[in-house]
Every structure is written in C-alpha cells, then in structure tokens.
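Peer 1: here is my input; please provide its structure:
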Amino acid sequence: MEERMDNGFVAFEYITVQADQELAQLYKDCYKNLGWIQAEENTQRQVPGAAYIKPGSVALKFKRNRTIRKVDGIERLQQECDHALASIKRLEKSKTSRAIINALITGLIGTCFVGGAVFSYLDSRILLCIFLGLIGFAGWGAAYPLYNNVCNKVTAEAGPLIEEQYERLYQACEQASRLLT
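Peer 2: The predicted structure follows:
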C-alpha cells in the first residue's frame, strides 16, 4: 500500500476523528478501507492539537500515504462514509431523545398539578387538593411507561433507516477497497 520514493521518503496526510466509543470500531474499519492507517487512539478529555473530547467519545488519529492513486474517488467515498457514520450516530441518539423529552414533559406537567394540590391544601380546599394531587401523581407514574412506549416506537421506525445507512457505508467501503487494490 505504501509507495516509497527512491530515497525512502513517504509523505503522509493526517486526520483526527472523534467517535462514540460504541462506533469506534466501525470508524476504524471504515477508515482502513479508505486507505487510512490508525496512528493513535485517545480517550483523554483534551487532546493536544484537537478539540475537547466529549465523555464517552474517543479521538482516533489516522495517517495515509499522500501518493495514493485515484484520490478523487477516495475523497468522494470518504465523504459518503462520513455522512453515513454521522447519520447512524444521529439515528441512534434519536431513539432515546424523543422518548426522554416526552417523559420529562409529562413529569413536569405532573409536578405542576402536585404544586397546584399543595396550594389548594394551603387554601383549605381539600377536595381540589386530592383531585389535583391524583392527577399529578398519575403524570409522574405515566412518565416511565410513556418513555418505554415512545422509545420502542422510535426504535422500530429508526431500525430500517439505520440499516440503510449501514448498507451505504459498507458499499462505499467496498468501492474504496477496490479502488486502492
């Protein structure tokens, strides 16, 4: 893969990629097919010469021989891979984010009703207090089942989309591998 000039000099280009730890191996495999060699892996919070690394992420450093033939095709395929990897990451996070938002809103509404129950108790309106308190507690109790329901529904919707992105990623990596051999 490495082409050396007569004097043994090899010029490399370098790239640093931030990836979630769950997707790190996928990034390594993908970039390997694009002609990149892993130079370093870093999970520290601050990497010299790079941006801040979020918790649960890893900084992957790669290098590639600058004299690789057909670089234009490889660059296009790398952009496709990067887009597919970003889409996979976004879709994976969407599985829980919508469910969390719905559960939090339901719990917040329940909290408002419990707050109303407290104020009605302080105003000596016991029946209104009991009514508002029951609605508030029902809101708190409904938050978790709502979370599970929405999470399952979004997972069922996102599953085929994630598989489609994986397929695009694998096709781009396969094409890149053929271009480099």
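Peer 1: every contact and neighbour count from this point should use C-alpha atoms.
Peer 2: Fine.
Peer 1: what helices and strands are in contact with the longest helix seen in the chain?
Peer 2: Longest helix in the chain, counting residues (DSSP state H): helix 126-180. When contacts are defined as 3 or more C-alpha pairs under 8 Å, 6 or more residues apart in numbering; DSSP states H and E, helix 126-180 sits against helix 24-33, helix 71-122.
Peer 1: mind checking which helix or strand of this structure has the lowest mean pLDDT?
Peer 2: strand 37-42 (a mean of 78; mean pLDDT, DSSP states H and E).
Peer 1: shaky segments in this structure?
Peer 2: 1-8, 41, 43-53, 69-71 (pLDDT under 70).
Peer 1: same thing but at 90, please
Peer 2: Confidence mapping of the chain against pLDDT under 90 gives the ranges 1-24, 33-78, 93, 95, 124, 175-181.
Peer 1: distance of the most centrally placed residue in the chain relative to Leu108?
Peer 2: The C-alpha lying nearest the average C-alpha coordinate of the chain belongs to Lys89 (C-alpha atoms, centre = their mean; 3.0 Å). Lys89 is 29 Å from Leu108, where distance means C-alpha to C-alpha, to the nearest Å.
Peer 1: pull the contacting residues for the closest residue to Ala172 other than its chain neighbours.
Peer 2: Using C-alpha to C-alpha, 6 or more residues apart in numbering and skipping residues adjacent in sequence, the residue nearest Ala172 is Leu77, 5.6 Å away. By C-alpha atoms under 8 Å, 6 or more residues apart in numbering, Leu77 lies in contact with Leu34, Ala172, Cys173, Gln175, Ala176.
Peer 1: what distance do you get for the residue nearest to the centre of the chain to Thr67?
Peer 2: 31 Å.
Peer 1: name the SS class of the residue in the chain sticking out farthest from the centre, please.
Peer 2: Distance from the centre of the chain peaks at Ser124, with 50.9 Å (C-alpha atoms, centre = their mean). With DSSP: H, G, I helix; E, B strand; the rest coil as the basis, Ser124 sits in coil.
Peer 1: wasn't Arg64 part of a strand?
Peer 2: Yes. Checked against three-state DSSP, Arg64 lies within a strand.
Peer 1: just to revisit the earlier point, pick the one among the contacts of Leu77 closest to Arg98.
Peer 2: Nearest to Arg98 among the contacts of Leu77 is Ala172, at 30.3 Å by C-alpha to C-alpha.
Peer 1: what sits against the nearest residue to Ile15 once chain neighbours are set aside?
Peer 2: Nearest residue to Ile15, sequence neighbours excluded (C-alpha to C-alpha, 6+ apart): Phe62, at 5.4 Å. Contacts for Phe62 (C-alpha under 8 Å, 6+ apart) come out as Tyr14, Ile15, Thr16, Trp36, Ile37, Gln38, Ala39, Glu40.
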